[in-house]
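>>> sequence and computational prediction follow.
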Amino acid sequence: MLVLLYHLFLVFFRVTIWIASPFHLKARQWVRGRRGVMHYLRQNIAANDKVIWMHCASLGEFEQGRPLLEAIRSQYPTYRILLTFFSPSGYEVQKNYPGVDWVCYLPLDGPRTAKEFLELTHPDLVIFVKYEFWFFYLKKIFYQKIPLLLVSALFRENMNFFRWYGALSRKMLGRFQHVFVQNESSLQLLEPLGIRPISSVAGDTRFDRVLTIADRSLPVEGIDTFLEGRPVLVAGSTWPADERTIREALSDPSLATLKLIIAPHELSAAHLRALHLLFKDAIQYSQWNKEKTEARVLIMDNYGMLSRLYRHGTMAYVGGGLHKAGIHNTLEAAVYSIPVIVGPYHQKHAEATDLIRRGGAFTFTEETSATGLKKILCDLLYQTEQCKIAGQIAGQYVKENAGATQRILDYIQEKRLLIN
């Protein structure tokens with residue numbers, strides 16, 4: 001019965017996304033991107049290729065899997081790597097990623113689809129990142145005895161696995177050879193499911209990723225000129241609700257010396273116009289000549305600079321926490337040893353709650369968002385020692401939690417899942 005319901009879900013999903021595709025960009029990309037995937041694999045993967053397949057739902061999962069992917073690439077150069085995405089937001093950004101041999105969408109699950117996909121790719125090792133579970137793919141991988149790992153997994157009590165109706169989800173979880181979880185609480189949740197013997201705490205590979213980025217990154221051209229030695233709030237991955245709250249908080253005269261660099265989540269023309277309406281004294285990075293300016297606000301109107309921008313910050317605001325979808329990556333800011341500020345909807349992110357508990361990050365309530373944010377900014381701006389200590393706590397937290405990539409690599413080596 002559960003498998004039948006899963007079949008119906010797949011049919012419903014396919015029909016819904018096809019209906020939406022003429023009107024919705026991501027739905028259209030999802031449909032078009034899957035055309036010809038099997039042909040692409042048939043034409044490009046040879047029968048004698050030794051293949052490692054990593055699957056990521058979207059861009060966030062890719063960033064978690066990337067440190068492991070790059071470490072495997074370095075350590076096992078005789079293997080070729082296939083990277084698949086479910087979501088356009090991952091594929092469209094990373095379709096030209098040079099660290100792998102092939103990038104494509106994962107065809108929608110189904111018994112025949114999974115069978116054909118595995119015949120064409122014939123992987124020696126399969127790695128799923130964090131949350132992605134597809135019944136027929138996992139079933140075929142399991143019965144073909146292909147080593148299958150789940151990495152950077154994070155579990156919460158309200159997930160399907162722990163509900164009365166979650167039998168199919170629990171069955172899928174049991175298909176993995178090993179489940180690497182991010183923390184001890186996730187491991188404890190797996191105990192009653194009988195998954196504990198094939199699970200262990202490796203940590204979150206994103207810690208390794210942000211440390212690598214920070215080590216390799218260079219300052220952003222012109223930022224020091226813009227700052228003129230003044231303190232700055234770097235606000236990253238912001239949504240309109242974040243931007244309105246920041247604008248209201250910064251209107252207080254006590255924060256007049258604080259500059260703002262804002263890197264919005266969305267860079268549409270409409271959104272950039274809305275930002276200029278909010279921040280009258282703003283300039284866009286692409287239109288600025290990098291010479292001295294009287295502007296207080298700098299709008300970053302390009303992608304790919306955020307992780308480098310945080311190194312210039314006195315403090316950071318990580319967007320997304322004013323709606324229930326949740327916040328973006330706080331570690332990108334914390335790695336530079338600066339205090340991090342997030343909105344109230346951060347509970348799904350273990351690193352954010354850990355940082356708040358330790359004193360390296362701060363939050364406010366939804367009811368008092370602007371006044372709450374203003375108080376945090378004033379405290380950090382005028383209590384410089386508190387700001388310094390909070391930043392040190394944030395940076396140390398990242399360093400303490402590094403090493404997940406190596407723990408997973410050690411398992412692969414110990415079990416001889418890959419052989420040069």
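Sure thing, it's come through.
>>> C-alpha only now, for contacts and for neighbours.
Noted.
>>> let me see the contact set for the closest residue to Pro339 other than its chain neighbours.
Spatial nearest neighbour of Pro339, excluding adjacent residues (C-alpha to C-alpha, 6 or more residues apart in numbering): Gly391 at 4.5 Å. Contacts for Gly391 were tallied using C-alpha atoms under 8 Å, 6 or more residues apart in numbering; they are Ala334, Tyr336, Ser337, Ile338, Pro339, Val340, Gly360.
>>> pLDDT score assigned to the residue of the chain positioned farthest from its centre?
Of all residues in the chain, Pro253 has its C-alpha farthest from the mean position, at 35.8 Å, by C-alpha atoms, centre = their mean. pLDDT, Pro253: 95.
>>> ok, it to Lys324 distance?
31 Å (C-alpha to C-alpha, to the nearest Å).
>>> check Ala269 too.
25 Å.
>>> does the most centrally placed residue in the chain lie in a helix or a strand, and which?
Geometric centre of the chain, nearest residue: Gly60, 2.2 Å, by C-alpha atoms, centre = their mean. In this structure, Gly60 sits in helix 59-75 according to DSSP states H and E.
>>> residue contacts, the residue nearest to the centre of the chain?
Counted by C-alpha under 8 Å, 6+ apart, Gly60 has contacts Gly90.
>>> so how far is Asn183 from it?
18 Å.
>>> ok, which stretches of the stretch 51-200 of the chain are strands?
51-56, 80-85, 102-105, 123-129, 148-153, 178-181, 199-201 (DSSP state E, counting those that start in this stretch).
>>> give the other helices and strands that the second one contacts.
What that stands for is strand 80-85. Applying 3 or more C-alpha pairs under 8 Å, 6 or more residues apart in numbering; DSSP states H and E, we find strand 80-85 packed against strand 51-56, strand 102-105.
>>> could you list the domains of the protein?
Using automatic domain parsing, the domains assigned to the chain come out as 15-203+403-414, 213-400.
>>> Phe9: which of those domains is closest?
Ranking these by proximity to Phe9 (C-alpha to C-alpha) places domain 15-203+403-414 first, at 9.9 Å.
>>> quick one: terminal-to-terminal distance for that closest one?
OK, domain 15-203+403-414 end separation, C-alpha to C-alpha: 45 Å.
>>> now it, how far from the centre of its chain.
Distance, stretch centre to chain centre, for domain 15-203+403-414: 14 Å (C-alpha atoms, centre = their mean, to the nearest Å).
>>> next one: stretch 334-347
15 Å.
>>> list the buried residues of that stretch.
Within stretch 334-347, the residues scored as buried using 16 or more other C-alpha atoms under 10 Å are 334-346.
>>> next secondary structure after the longest helix seen in the chain?
Once the chain is assigned using DSSP state H, the helix that runs over the most residues is helix 2-20. Scanning forward in sequence from helix 2-20 by DSSP H and E, the next helix or strand is helix 25-33.
>>> quick one on the thing from earlier: okay, the domains of the chain in a markdown table with distance to Leu2 next?
Output for the domains of the chain, formatted as a markdown table (distance: least, C-alpha to C-alpha, whole Å):
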| stretch | distance to Leu2 |
| --- | --- |
| domain 15-203+403-414 | 7 |
| domain 213-400 | 28 |
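>>> among those domains, which comes closest to Asn420?
domain 15-203+403-414 (5.9 Å).
>>> turn the helices and strands packed on strand 80-85 into TSV, columns for mean pLDDT and mean neighbour count.
Listed next are these as TSV, based on pLDDT from 0 to 100; neighbours: other C-alpha atoms under 10 Å:
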stretch	mean pLDDT	mean neighbour count
strand 51-56	98	24
strand 102-105	97	22
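>>> output the ones you listed as JSON lines; include the columns distance to Tyr40.
Below are the helices and strands packed on strand 80-85 laid out as JSON lines (distance: least, C-alpha to C-alpha, whole Å):
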{"stretch": "strand 51-56", "distance to Tyr40": "15"}
{"stretch": "strand 102-105", "distance to Tyr40": "9"}
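>>> for Glu367, which of these is the nearest?
strand 51-56 (35.6 Å).
>>> partners of that closest one in the sheet?
strand 80-85 (parallel), strand 123-129 (parallel) (DSSP bridges).
>>> what angle sits between it and helix 59-75?
160 degrees (axes from the mean of the first three to the mean of the last three C-alpha atoms, to 10 degrees).
>>> now do the strands in the stretch 201-350 of the chain.
232-238, 259-264, 282-284, 297-299, 315-318, 340-342.
>>> just for the protein, where's the confidence low?
Applying pLDDT under 70 to the chain flags no residue at all.
>>> repeat that for 80
Along the chain, the parts satisfying pLDDT under 80 run over 1, 292, 303-304, 324-326, 420.
>>> and Trp126, bridged to which residues?
Actually, residue 126 is Val rather than Trp. Trp53, Leu148.
>>> just give me the neighbour total for it.
Using other C-alpha atoms under 10 Å, Val126 has 20 neighbouring residues.
>>> Met54 reaches Leu82, doesn't it?
Yes - using C-alpha atoms under 8 Å, Met54 is in contact with Leu82, at 6.3 Å.
>>> wait, what's in contact with Asp49?
Contacts of Asp49 (C-alpha under 8 Å, 6+ apart): Tyr79, Arg80.
>>> re the thing from before, could you save the strands paired with strand 51-56 as TSV and add columns showing distance to Leu258?
What follows is these, written out as TSV (distance: least, C-alpha to C-alpha, whole Å):
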stretch	distance to Leu258
strand 80-85	40
strand 123-129	39
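>>> re earlier: the strands of the stretch 201-350 of the chain: which one's closest to Asp124?
Going by C-alpha to C-alpha, the one of the strands of the stretch 201-350 of the chain nearest Asp124 is strand 232-238, 37.0 Å.
>>> angle of that closest one against strand 259-264?
10 degrees.
>>> run the chain-centre distance for strand 232-238.
On C-alpha atoms, centre = their mean, the centre of strand 232-238 falls 17 Å from the chain's centre.
>>> sheet partners, orientation included, of that strand?
Assessed with DSSP bridges, strand 232-238 is paired to strand 259-264 (parallel), strand 315-318 (parallel).
>>> then the longest one to CSV, C-alphas only?
Pointing back at strand 259-264 there. What follows is strand 259-264, C-alpha atoms only, in CSV (Å, rounded to 0.1, in the frame of the first residue of the first chain):
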residue,chain,number,x,y,z
LYS,A,259,27.8,51.2,7.3
LEU,A,260,25.9,48.5,5.5
ILE,A,261,26.9,46.0,2.7
ILE,A,262,23.9,44.0,1.6
ALA,A,263,24.0,40.9,-0.6
PRO,A,264,20.4,40.0,-1.4
